[in-house]
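Trainee: Provided below for reference: sequence and predicted model.
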Amino acid sequence: MKISDIVFEMQTNYVKDEDIESIVAFIEKNGFNAQKVDDRLLALGYDAIFSDAEIDGGYDTREKIFNHRKHLADE
C-alpha cells in the first residue's frame, strides 16, 4: 500500500490533517503495520480503518430467495 493510498483512506474517514501527518511520519519511520496504525488511530479517538477484522466480518453472502410468483399446478 502506498503512502498516498493510506493518506486517502484517512482523509475519507475524516482524520485531521495534523493527525495524518503524525501517522505518515510514524509509517515512514517504522513501516506500515495495519494493527499499529489502527492502534494509533484509536488512541487519537478515531475508528480503526486498516484492520482486516472489519473487512472480513459482517458480510454474510448467504441469501434466502423466496419464490414470489404463484405457480399453476395440475390437480
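Mentor: Everything's here; your move. Numbers count the residues shown, from 1 in each chain.

Trainee: buried ones in the longest helix along the chain?
Mentor: Using DSSP state H, we find that the single longest helix of the chain is helix 17-30. Residues of helix 17-30 classed as buried: 23, 24, 27 (neighbour count, 16 or more other CB atoms under 10 Å). C-beta: built from backbone N, CA, C; applies to glycine.

Trainee: okay, helices next: where are they in this structure?
Mentor: For the chain, helices defined by DSSP H occupy the ranges 3-12, 17-30, 34-43, 52-56.

Trainee: can you list contacts of the first one?
Mentor: Outside helix 3-12, the residues within contact range by CB atoms under 8 Å, 6 or more residues apart in numbering are 19, 20, 23, 24, 27, 28, 32, 37, 41, 49, 50.

Trainee: and if we set it to 6 Å?
Mentor: 20, 49 (CB atoms under 6 Å, 6 or more residues apart in numbering).

Trainee: same check on the second one?
Mentor: Here helix 17-30 makes contact (CB under 6 Å, 6+ apart) with 7, 10, 40, 44.
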